[in-house]
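A.B. asks: Sequence and predicted structure, then a few things I'm wondering about:
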Amino acid sequence: MVHWWILVVLGFLVLLLLAGWVYRRVDQMRSARLRVEGLTYSLGQLDAMHHSAFETAVRDLLARDGSRDALRCGGRGDLGADVKGYDPLGRYWVIQCKHREKGLDGSAVGTAELQTFNGTGRPVHGGDVVGMVTNGKISRPARVFARQQRLHLDRRVLEQRARGRRPLWEILSSIQQPPKPPRLW
């Protein structure tokens, strides 16, 4: 082969392009992590958001708390899951966001909404922990249903999580611990 050096140059250029792409991707991930570290919201800020921004804020709080794969997946056809991600203990979280334009003055989250979400959170999405996050109020029957079905929700918890540094899995004491891995010996 007379021009073998052309292949070497092309190979070197491909390696340079690949290295540039990897560097850019790592830099984007680092920037995203720094953006959510120390992230806080007030209830007033959350109340003033559009529902899609509220979902993004819930995703960012999940990321702030240690979920490396927090994903906002809400929208048409989401089957009730607006935010998903694994916590540092390996539990898979499926969260539905119910943003009320008027906050506490808006309509209450009712039992029907929780029943619908309960029908998809674990069986369809495979959630270990299923929760509904709202900036509004929750009807009394809905709170009873949520306790019975191990659905975690509460405006007070949202406020603690959004303002503080404690992750959601520490605030909610009723969350099941992940199963212990099987012993190999």
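C.D. replies: Structure received. Numbering: from 1, shown residues only.

A.B. asks: residue ranges with poor pLDDT in this structure?
C.D. replies: Scanning the chain for pLDDT under 70 picks out the ranges 1-2, 27-37, 165, 172-185.

A.B. asks: Show me how the record splits it into domains.
C.D. replies: What automatic domain parsing lists as the domains of the chain is 1-36, 43-171.

A.B. asks: With mean neighbour count added, can I get these in a markdown table?
C.D. replies: C-beta coordinates here come from the backbone N, C-alpha and C atoms, glycine included. What follows is these, written out as a markdown table (neighbours: other Cβ atoms under 10 Å):
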| stretch | mean neighbour count |
| --- | --- |
| domain 1-36 | 10 |
| domain 43-171 | 18 |
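
A.B. asks: Identify the spatial nearest neighbour of residue 124, chain neighbours not counted.
C.D. replies: If you skip the residues right next to it in sequence, residue 124 has residue 79 as its closest partner in space, 5.5 Å away by Cβ to Cβ, 6 or more residues apart in numbering.

A.B. asks: So the one you found sits against residue 123, correct?
C.D. replies: No: applying Cβ atoms under 8 Å, one finds residue 79 not in contact with residue 123, separated by 10.2 Å.

A.B. asks: Any figure for the gap between the closest residue to residue 157 other than its chain neighbours and residue 57?
C.D. replies: Among residues not flanking residue 157 along the chain, residue 171 sits closest, at 5.6 Å (Cβ to Cβ, 6+ apart). According to Cβ to Cβ, to the nearest Å, residue 171 stands 16 Å off from residue 57.

A.B. asks: Same question for residue 20.
C.D. replies: From residue 20 to residue 57 the distance is 33 Å (Cβ to Cβ).

A.B. asks: Repeat that for residue 156.
C.D. replies: Distance of residue 156 to residue 57, computed by Cβ to Cβ: 17 Å.

A.B. asks: swap in residue 79?
C.D. replies: From residue 79 across to residue 57, the span is 21 Å (Cβ to Cβ).

A.B. asks: With residue 127 instead?
C.D. replies: With distances taken as Cβ to Cβ, residue 127 is found 20 Å from residue 57.

A.B. asks: got it, and residue 65?
C.D. replies: Between residue 65 and residue 57 the distance is 13 Å, computed by Cβ to Cβ.
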